[in-house]
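S.K.: predicted model and sequence follow; I will ask about them next.
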Amino acid sequence: MFIRIFLYKLKELTRMRAIVGWNFLFPLVLATAFYVGFGNLIKEDPDTFKTIDVGYVNTNSQESSFTELINELSKETNDHIKVLNVLSFKDEKSASKAMDDKKISGFYLEKDDKIDTVIKENGFASTTLNQIVRAYENAKFQLEEIATNHPEKMEEAIKLQSKDLNLMKEHNFGNNTSRYLQYFFALLAMSSLFSSWISTSMLHGICANISESGKRFECAPTNKLVAVAAGTLAGMLIQSVSNAIVVIYIQYALNINIGIPLGEAILITTIGSGIGIAAGTLIGSLLPNPKYHVIVPLLFSMSCSFFSGLMWDQIKQLIQYKCPILNKINPAALITDSLFIRATYGRTDVYTQNIIIMLSMIVVCLFISSICLRRRKYVSL
C-alpha cells in the first residue's frame, strides 16, 4: 500500500504546473538573474584563491619527496581547485626567463638537500610558495627526528603528515568564499523551503475537510499515517531532484564554484527540503481552509529567505548581532549558514550543530502534524 500511494502521489505532484514552475523553473531563472547581476564579481573576487603558476627546477638525479608534495598540490581538491600549477624547467636560467615573462609567479630550485624559493615580487603567491617550503622542511625534520629516536612510530607519523597535507589542500587553499556566494546559498535555501506547498498539496487529497477526493480517501480502509509518510517521501524526492538540478546548474552551467562537494551540497539542501515538507504538513494540518495552503507556505518561505540574506546579504549578520536566536530558529538561515560554513571552514562544530537543529525541526513538525491529523473527526462524510 505504501509503494502504491507513493507512486500515485509522485505522479500527482509532478503533474501540477504550479509545482513544476515554482520548484523547478523559478530557482533556475533566479540563479541566472544573480549570475547576470554579479557572477563576474564572484569569479574575479580578489579574496578568492586562484591557482598559482610555479616553476620547478630539480638539479638532482632523481625525484625527491618535495617533488611528490608539489605534484600532490597540483591535483584538484574536492572543490575542483588546484593549489599549484607546476611547470618543470631544465635549469635556473630558463625558469628565470619564464618568471620575467610572467608565465610563472616564481620557481622552486632544488639542489642537493636544499630547496630555494625564487620570486620576483612579494605578495600572496610568494607568501604561499614560501609557506609550502616551510611546511615541507618542518615535516621532514620531524620525520628525521622520529626515525632516529622512535623508529617504531614512523608509520604513524607518516599517516599524520598525509592527513595534514589533505587538510591543507581542503581548508587553506580550496575555498571560494566570496560574499556574493551568500545570495546563491540563500537561493538554495529558498528553493528547499518551496517544498512547503508540496506537502499542503499532498494533504489536499487525503483530508476530508479540504476536498472531495479527501472525503473518498477518509472512507477508504487506508492508514492515514502511511499515506502521509508516502506523500512526504514523494514530495522530498521531487524537491531533492529540484535542488540537485539547481546546484548542478550553478556549479557547471553558470561555472560558479560554491566551494562544497556536489554530494554534500545536495545532502544539505535535501535536509532543508525535509524542513519545508514538514513545515508545510504542519501548516496544512493546522489550517483546514485550502485558501491558506498556498499563501501561508509562500509567506513562510519568502519571509525566512529574506531574513537569511536573499534580498540583502547583510541582514543575517545584523540579526546575529542584535538577536542571534532568530538565526537558530529560521530554517533558511540554518541552511544558508550550513552551506557557507562548509564552503569556508569545513565540517566544524557549528556546522554539525546546524544539521542537528534542522533534523530536530523536521521531527518536531511531523510529530505535531501527526497528532493533529490523527485526532481529526467529522460529523459526517
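M.R.: Everything's here; your move. Numbers count the residues shown, from 1 in each chain.
S.K.: return the helix or strand in the chain with minimum mean pLDDT.
M.R.: The helix or strand of the chain with the lowest confidence, counting by mean pLDDT, DSSP states H and E, is helix 154-167 at a mean of 58.
S.K.: flag the shaky bits of the stretch 1-150 of the chain, pLDDT-wise.
M.R.: Residues of the stretch 1-150 of the chain meeting the criterion pLDDT under 70: 41, 43-49, 61, 76-81, 147.
S.K.: can you give me the strands for it?
M.R.: Counting by DSSP state E, counting those that start in this stretch, the stretch 1-150 of the chain has strands at residues 52-58, 84-89, 106-111, 114-119.
S.K.: for these, which one sits closest to residue 186?
M.R.: For those, proximity to residue 186 was assessed by Cβ to Cβ; strand 52-58 is nearest, at 31.4 Å. For every residue, glycine as well, the C-beta is placed using N, CA and C.
S.K.: which residues does the closest one contact?
M.R.: Residues from elsewhere that reach strand 52-58 (Cβ atoms under 8 Å, 6 or more residues apart in numbering): 64, 67, 70, 83-92, 95, 98-99, 103-110, 125, 128-129.
S.K.: paired strands for it, with orientation please.
M.R.: Strand 52-58 has its sheet partners listed here by DSSP bridges as strand 84-89 (parallel), strand 106-111 (parallel).
S.K.: tell me which residues of the last one come out buried.
M.R.: For strand 106-111, burial by neighbour count (16 or more other Cβ atoms under 10 Å) applies to 106, 107, 108, 109, 110.
S.K.: closest to residue 304 among those residues?
M.R.: residue 106 (47.8 Å).
S.K.: residue 96: neighbour count?
M.R.: The burial count assigned to residue 96 is 18, neighbours taken as other Cβ atoms under 10 Å.
S.K.: surely it meets residue 106?
M.R.: No. Under the criterion of Cβ atoms under 8 Å, residue 96 makes no contact with residue 106, lying 10.0 Å away.
S.K.: any shared contact partners between these two?
M.R.: With Cβ under 8 Å, 6+ apart as the test, residue 96 and residue 106 both reach residue 118.
S.K.: so how far is residue 296 from residue 252?
M.R.: Using Cβ to Cβ, to the nearest Å, residue 252 is found at 35 Å from residue 296.
S.K.: these two - which one has more neighbours?
M.R.: Between residue 252 and residue 296, counted using other Cβ under 10 Å, residue 296 has the larger neighbour count: 20 against 12.
S.K.: not counting sequence-adjacent ones, nearest residue to that one?
M.R.: residue 283 (5.3 Å; Cβ to Cβ, 6 or more residues apart in numbering).
S.K.: the one you found and residue 277: what is the separation?
M.R.: From residue 283 to residue 277 the distance is 11 Å (Cβ to Cβ).
S.K.: neighbour count for these two, which is higher?
M.R.: residue 277 (30 against 22).
S.K.: wait, that one touches residue 196, no?
M.R.: Yes. Proximity of residue 277 to residue 196 meets the contact threshold set by Cβ under 8 Å, at 7.1 Å.
S.K.: list residues touching both of residue 283 and residue 277?
M.R.: Common neighbours of residue 283 and residue 277 (Cβ under 8 Å, 6+ apart) are residue 196.
S.K.: how does the chain divide into domains?
M.R.: 2-44+176-374, 52-173 (automatic domain parsing).
S.K.: residues contacting the residue with the shortest distance to the centre of the chain?
M.R.: Relative to the mean C-alpha position of the chain, the nearest C-alpha, by Cα atoms, centre = their mean, is the one of residue 265, at 3.3 Å. Residues in contact with residue 265 (Cβ under 8 Å, 6+ apart) are 188, 247, 251, 258, 339, 342.
S.K.: wouldn't residue 302 be in contact with residue 190 here?
M.R.: Yes. The pair residue 302 / residue 190 is scored as a contact, 7.4 Å apart, by Cβ under 8 Å.
S.K.: more neighbours, these two?
M.R.: residue 190 (25 against 16).
S.K.: would you show me how to pick out the buried ones of the contacts of residue 265 in ChimeraX?
M.R.: To isolate the buried members of these in ChimeraX, using 16+ other Cβ under 10 Å:
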select :188,247,251,258,339,342
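S.K.: need the max-distance pair from the contacts of residue 265.
M.R.: Maximum distance among those (Cβ to Cβ): 14.0 Å, for 251 and 342.
S.K.: quick one on the thing from earlier: how much space separates the residue nearest to residue 296 from residue 139?
M.R.: For residue 283 relative to residue 139 (Cβ to Cβ), the value is 56 Å.
S.K.: please apply the same query to residue 245.
M.R.: As judged by Cβ to Cβ, residue 245 and residue 139 stand 43 Å apart.
S.K.: repeat for residue 7
M.R.: For residue 7, the distance to residue 139 - Cβ to Cβ - is 56 Å.
S.K.: those two: who's more crowded?
M.R.: Between residue 7 and residue 139, counted using other Cβ under 10 Å, the more crowded position is residue 139 (18 against 12).
S.K.: count of neighbours near residue 231?
M.R.: Around residue 231 there are 26 other residues, counting by other Cβ under 10 Å.
S.K.: my guess is it meets residue 9, correct?
M.R.: Yes. At 4.5 Å, residue 231 counts as touching residue 9 under the criterion of Cβ under 8 Å.
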